[in-house]
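Student: coords please:
(chains A, B, C and D)
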Amino acid sequence: MIRLRSPVMLAALAPALGLLDLLAYGVFVNQPERGIDAALAAGRRPAAPDLRLPRLGATQPVSLNAWRGKVVVLNYWASWCPPCRDESPLLERWQKKIAPRGGTVLGVDALDVTSDARAFMRRYGLDYPMLHDGDGHSQRRFGLTGYPETFVIDRRGRIAAVQRGTVDDAFMSRSVLPLLEERS
Amino acid sequence: MRRAPAAVLVALALGLMPAAASAACPRASLPDIEGQVMCLVCGVPLNLADSPQASRERDFIERMIDRCRSTSQIKAALVSQYGPRVLALPDDSGFNAAVYIVPALMLLLGAGGAALAVRWWSSRGGGAPAPAAPALSPADARRLEAEMERWER
Amino acid sequence: MTLGRACLFLALAIAPTGAIASLYGARAHRRDWVAVGRRSVYALAAVLTVAFIVLEAAFLRSDFSFRVVASHSSHATPPFYKAAAMWSSQEGSLLLWVWLLSLWSSLVLFLTRHRLRELAPYATAVLLGFATFFGALVVFLANPFQLLDPAPADGVGLQPLLRHPSMMIHPPMLYSGYTLFTIPFAFAVAALIARRTDAAWIRATRRFGLAAWCFLGIGILLGARWSWSELGWGGYWAWDPVENAALMPWLVGTAYLHSFMVQEKRGLLKAWNVSLVLGAGILAILGTFLVRSGILESIHAFGGSTLGKPFLGFIAVLVIGSVALVASRRDELRSPEARSYATLSRESIFLVNNLLLVGLCFVIFWGTFFPLISEAVTGNKASVGPPWFDRYTVPLAIALVFMAGLGPLMAWRKTTLAGARRSLQAPVTVALLVVVALLALGVPGRLPALALLAGTAFAIASVVQELWRGVALRRATTGEAPPAALVSVVRQNRRRYGGYVVHAGIALLFMGVAASSAFQHVRDARLVPGQTARIGGYDVRYVRATSRVAPEKVTLGAVLDVSRNGKHVTTVRTSRGYYPSTDPTAGPVGRYFDGDATTEVGLQAGLRRDIWTAVQPDIGAMQRMIDGIDRRFPLAQGDTQGFLLTAVAQRYAAAPPPAVFRLIVSPLVEWIWLGGIVLALGGLIAIWPPPAARRRRAPASSWAARLGRELSGA
Amino acid sequence: MQFFLVMLVLCGATALMASPLIWRSGAAGGKGAEEAALEAAKEAKFREIRDAEHDLRTGKLSREDHQVLDAALRAEAIDLLRRLDAVRGGPAAT
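Tutor: Residues are numbered from 1 along each chain as shown, chains lettered A, B, ... in the order given. You can find the predicted model right below:
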């Protein structure tokens, strides 16, 4: 009865299917990316998404690969996020602790004004390296839903632990210290 | 909001020098700029946004206004901080051009279609007046009048 | 509780049963089964009414053993807002949706119970299909009758922003509009299935389409009004996805309300009309979906939700089904030959108007979805904000307003050039005069605004002229006094004059939009009491600070004195209400300033201009005091907490830090709402049923017999 | 109490739904699709005749155009009336 292959049918169906595809995409992309968490829960270490961002105040992007061989504590934060204020002193302490042992904290200042971020860093005495993601485009691949979130990356560039929320000493000891012992 | 005093201090410190000139400088207006940029965390125009990120963005704009920057300078500064997505009017490079082209194209297509339909209809009838219908018989005419009056009551 | 839950399950049982009964009745030509289907709709309406009452009663009684009540209401919520809190929740609003659907479906099926024998069963099945889907959502995914055990002592309270009188009627209006659009949709589907694509189904559902259009329009305007007088940003329309989602079906509905007349009169545009009706129905569902799925970023959406996937499936069925149905029936939808179609005729104007309306809908659709499209294609979300929408919608709106004036001046079938010229004379003159007057008055000449204002003048003049001509004709024949003649002229042809009144309403509305967006003055000013800011010729003086402590919030505000050239104009009060956050780590006083805050706009509305003020007190300046109190009394509760809050509030009123005010003087903005009222009035005139005599159908055969006798001269 | 109410609603709804099957109404009643379609077309035609008169009197339509149009519309209207008579099976106008 329905002449499926008639040109009219196809002409009408194409935009309709396009719309449905779009809605489907919207529904599915709207759910936070949880691949990292799922892999970790299954006991695997997923490769960290490649990150190419400029350092805070600079324009040339650097790649996360530049830190390959080190244990990286990747910390997403913003100067306007209240829990980040509580977390920063702890991260700075850990930076002092792991820097000599081949580890580093790497901040990603997202959706923030550079001068605000600088003021924040001065105020809390942060001197670990800092990247800047002005429009927050890098956060989707990490499945970010809020600030702060922290990803611990081993020497081979694989994510070994994730904390969606503020980190504490227990988390850092548990997930960072063993990685420092690993050789790349 | 907690940082408002600090912001004022910064604004004062930065604003002292051009303060003398500020009377003459063209003041950009916050409400005006708010309508042209987005709050990136919330994905809505800045004037509607109430998040902490939005208030930082607003502080930033206010500082620039106090420094006598023009609207376009402020927008450029915002782009350098937040990337081009901060502007509510998307740029027309690459795929984003579609946001401008497609609606115009569709409107043209629609206009073309409507014009074709009109031409087709008027040519089918031959433009010429339809042959005059024969006059109704008196009985029919009376019946029609009666039915119409009933319908109108 | 049990009763409500049982009613929902019952509804979910009734709806598919009735749908199957109707379909069986239609296929097997069993009238009794068709009647079962129809009565299922009545039963559904009854059962859902009970469920609705149970839930509403729970809200009014503050029965916090209901999860939705506990999370959307509280003891401190004023009774008026307790009633409205129901539809601020996902669950409650879905129940409202399906309840309204059942009511409107019952109404249409009751009115057509003796007509449309071939169509009604299919339409019943479609409507019950809708009810089944929404019923399933309400039962399985968003059940409003979920228990909380133990029941909390108090609820969270209603989102402060929603505390505005129009929130009581805005959602029911909007949902009535959405659900009413499903009725023409259902009958269009039925007409296609039954291959009866003549004008009968259109005639039967015209009023429902019109009512849908009216309700949705009023709903949209109430939302805009809420935005203007409740949200602290000083605007009424932000091209937010949720606003757009309501506007799209309304635009398509407007197109349909015009183009169906072309089918009625000429038999043309059958496929187009069916597509418009199906499109409006789908867009209405899409609107409901957008609010609930969170796929687009919006300020109005319900928070995270699991409803996306079921809605997606449902929309897929609707879209693919509609396309397949229209495509498979295109022989029935072919228009007969158009005899003597004249290019200069009202039909052509309607064609242009349809093009503009559907084009406008497409533009809005494209802008709304483009962030998602660009993300899907390039991986980066583009931002499409108000400036983009303005660029495309303003020219279309200008053209539409001119069409609203041009349409009534054209005759059906054919307009003579001389006639057109005669009709156009006065409206064009008025439009030109308005432009000249505006320029002469030194109003800054922004081309789009001037064009829009000229268009509104043109449209209003043409409507007035048409009304005047109708009255003059009437008086020539009956000699009635003008007001009486006006009433009887309108009564004689409600559809025509109702439509004209709607056009006048639209024109007034656009007059308000044009003037308020192009000529408004906005300014932010940082003031301490005694200081004055000047805006748009008014002097606004910050007289004094105010403060108040109520159980659910702390209010800090300001009294402003507005004067013009030294003469007092008005006194307005604006304030900001601070609601406590639920964060347990925040101090007893500090938590009030960490939670939600809403602006109470100080508005002096007027026909010539609105003076709009909003205050943003500088909490930062009081932060030290607040922190100090919190440190000293970290566990203060009840009276102590009240005492501390009062102390802070009094301190604010006594020695207020500078506050930032947003001041707006917006000309003619009130005409947007007045235009809306006129529009609703026009819609009502057009919907109003004809006098009882015409509806009362004398049994056809006896009438024909009598006529036969008359004709044979008996 | 709750149980009683639930049963009441349940019985009421079932009775309402099943009533047409139990008490069959013999009367045919109602109009066929053909009749409804003609009825709608007739009303539209009547309206069109009146609209044309209105357009003539407000000067949008010339007298000649109206004459042609009105004759055509009236012929169509009578045709519709005849078809209606035929469908209704009433005394067909001769």
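Student: Thought residue A:156 was touching residue A:183, still the case?
Tutor: No. Using C-beta atoms under 8 Å, residue A:183 is not in contact with residue A:156; the gap is 9.7 Å. Just so you know, the C-beta spots here come from the backbone N, C-alpha and C atoms, and that holds for glycine as well.
Student: ok, these two, which is more surrounded?
Tutor: Taking other C-beta atoms under 10 Å in any protein chain shown, residue A:183 and residue A:156 do not tie; residue A:156 has more neighbours (14 against 7).
Student: circling back: overlap of the contact sets of residue A:183 and residue A:156?
Tutor: With C-beta atoms under 8 Å, 6 or more residues apart in numbering or on different chains applied, the contact sets of residue A:183 and residue A:156 do not overlap.
Student: Name the residues of the helix or strand of chain D with the lowest mean pLDDT that are buried.
Tutor: Least confident helix or strand of chain D, by mean pLDDT, DSSP states H and E, is helix D:33-57 with a mean of 84. Using 16 or more other C-beta atoms under 10 Å in any protein chain shown as the test for burial, helix D:33-57 gives D:33-52, D:54-57.
Student: Any regions of chain B where pLDDT drops low?
Tutor: B:1-26, B:124-134, B:153 (pLDDT under 70).
Student: for chain A, where's the lowest mean pLDDT among helices and strands?
Tutor: helix A:7-29 (a mean of 84).
Student: Please state the offset of that one from the chain centre?
Tutor: Distance, stretch centre to chain centre, for helix A:7-29: 32 Å (C-alpha atoms, centre = their mean, to the nearest Å).
Student: Only C-alpha atoms, please: export it in CSV.
Tutor: Backbone C-alpha positions of helix A:7-29 (Å, rounded to 0.1, in the frame of the first residue of the first chain) are rendered in CSV as follows:
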residue,chain,number,x,y,z
PRO,A,7,10.5,9.9,-4.6
VAL,A,8,7.9,11.8,-2.6
MET,A,9,8.1,9.3,0.2
LEU,A,10,11.9,9.5,0.3
ALA,A,11,11.9,13.3,0.1
ALA,A,12,9.5,13.5,3.1
LEU,A,13,11.2,10.8,5.0
ALA,A,14,14.8,12.1,4.8
PRO,A,15,14.2,15.2,6.9
ALA,A,16,12.0,13.2,9.3
LEU,A,17,14.7,10.7,9.8
GLY,A,18,17.2,13.5,10.2
LEU,A,19,15.2,15.0,12.9
LEU,A,20,14.8,11.7,14.7
ASP,A,21,18.6,11.0,14.4
LEU,A,22,19.2,14.4,15.9
LEU,A,23,16.9,13.9,18.8
ALA,A,24,18.4,10.5,19.4
TYR,A,25,21.8,12.0,19.4
GLY,A,26,20.6,14.6,21.8
VAL,A,27,19.1,12.1,24.2
PHE,A,28,22.2,9.8,24.2
VAL,A,29,24.9,12.5,24.3
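Student: Does at least one residue of that helix sit close to chain B?
Tutor: No. Residues of helix A:7-29 are not located near chain B by C-beta under 8 Å from any C-beta of the partner chain, the shortest gap being 10.4 Å.
Student: Which elements pack onto that helix?
Tutor: Packing contacts for helix A:7-29, counted by 3 or more C-beta pairs under 8 Å, 6 or more residues apart in numbering or on different chains; DSSP states H and E, involve helix C:270-293, helix C:308-328, helix C:346-378.
Student: so the second one versus helix C:270-293, what angle?
Tutor: Same thing as helix C:308-328. 180 degrees (axes from the mean of the first three to the mean of the last three C-alpha atoms, to 10 degrees).
Student: name the helices or strands packed onto helix C:308-328?
Tutor: Using 3+ C-beta pairs under 8 Å, 6+ apart, helix C:308-328 sits against helix A:7-29, helix C:120-136, helix C:166-193, helix C:270-293.
Student: Serialize the ones you listed to a markdown table and add fields for distance to residue A:175 and mean neighbour count.
Tutor: Formatted as a markdown table, the helices and strands packed on helix C:308-328 follow (distance: least, C-beta to C-beta, whole Å; neighbours: other C-beta atoms under 10 Å in any protein chain shown):
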| stretch | distance to residue A:175 | mean neighbour count |
| --- | --- | --- |
| helix A:7-29 | 29 | 15 |
| helix C:120-136 | 44 | 26 |
| helix C:166-193 | 47 | 25 |
| helix C:270-293 | 35 | 24 |
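Student: Tabulate these (CSV), appending distance to residue C:552.
Tutor: Output for the helices and strands packed on helix C:308-328, formatted as CSV (distance: least, C-beta to C-beta, whole Å):
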stretch, distance to residue C:552
helix A:7-29, 36
helix C:120-136, 33
helix C:166-193, 17
helix C:270-293, 26
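Student: So which of those is nearest residue C:69?
Tutor: helix C:166-193 (17.0 Å; C-beta to C-beta).
Student: What is the distance between the helix or strand following that closest one and the centre of its chain?
Tutor: Under the assignment DSSP states H and E, the closest C-terminal helix or strand after helix C:166-193 is helix C:200-230. With C-alpha atoms, centre = their mean as the basis, helix C:200-230 stands 6 Å off its chain's centre.
Student: SS state for the residue of chain D found nearest chain B?
Tutor: In chain D, the residue that lies nearest chain B is residue D:75 (4.0 Å; C-beta to the nearest C-beta). Recorded secondary structure, residue D:75: helix (DSSP: H, G, I helix; E, B strand; the rest coil).
Student: pLDDT wise, what is it at?
Tutor: As predicted, residue D:75 sits at a pLDDT of 88.
Student: Next, the buried residues of the helix or strand containing residue B:142.
Tutor: Assessed by DSSP H and E, residue B:142 sits inside helix B:138-152. Buried residues in helix B:138-152, counted by 16+ other C-beta under 10 Å: B:140, B:143, B:144, B:147, B:148.
Student: same for it, what does it pack against?
Tutor: helix C:700-711, helix D:33-57, helix D:63-88.
Student: Save those as CSV, and put in distance to residue A:31 too.
Tutor: Output for these, formatted as CSV (distance: least, C-beta to C-beta, whole Å):
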stretch, distance to residue A:31
helix C:700-711, 60
helix D:33-57, 48
helix D:63-88, 57
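Student: Quick one, which of those helices gets closest to residue C:7.
Tutor: Of all the helices and strands packed on helix B:138-152, helix D:33-57 comes closest under C-beta to C-beta, at 35.3 Å.
Student: chain center to stretch A:36-49, what's the gap?
Tutor: Worked out by C-alpha atoms, centre = their mean, stretch A:36-49 lies 13 Å from the chain centre.
Student: Quick one: end-to-end length of that stretch, please.
Tutor: One end of stretch A:36-49 to the other measures 10 Å (C-alpha to C-alpha, to the nearest Å).
Student: One more: stretch A:68-85?
Tutor: Stretch A:68-85: ends 28 Å apart by C-alpha to C-alpha.
Student: again, but for stretch C:335-349
Tutor: Counting by C-alpha to C-alpha: the opening and closing residues of stretch C:335-349 are 19 Å apart.
Student: Tell me how far it lies from the chain's centre.
Tutor: Distance, centroid of stretch C:335-349 to centroid of chain: 33 Å (C-alpha atoms, centre = their mean).
Student: I'd like the average pLDDT over that stretch.
Tutor: 78.
Student: Point out the residues in chain B that sit beside chain A.
Tutor: So far as C-beta under 8 Å from any C-beta goes, chain B lies against chain A at B:6, B:40-41, B:52-53, B:55-57, B:59-60, B:80-86.
Student: Among the buried residues of helix B:138-152, which pair sits farthest apart?
Tutor: B:140 and B:148 (12.3 Å).
Student: Could you pull up the residues touching the closest residue to residue C:470 other than its chain neighbours?
Tutor: Spatial nearest neighbour of residue C:470, excluding adjacent residues (C-beta to C-beta, 6 or more residues apart in numbering or on different chains): residue C:489 at 4.3 Å. By C-beta under 8 Å, 6+ apart, the contact set of residue C:489 is C:467, C:470, C:471, C:473, C:474, C:497.
Student: show me the contacts for residue A:16.
Tutor: Contacts of residue A:16 (C-beta under 8 Å, 6+ apart): C:319, C:320, C:322, C:323.
Student: Need those in CSV (columns: pLDDT and neighbour count).
Tutor: Converted to CSV, the contacts of residue A:16 look like this (pLDDT from 0 to 100; neighbours: other C-beta atoms under 10 Å in any protein chain shown):
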residue, pLDDT, neighbour count
C:319, 95, 22
C:320, 93, 14
C:322, 93, 23
C:323, 91, 22
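Student: That's all I had, so thanks and see you.
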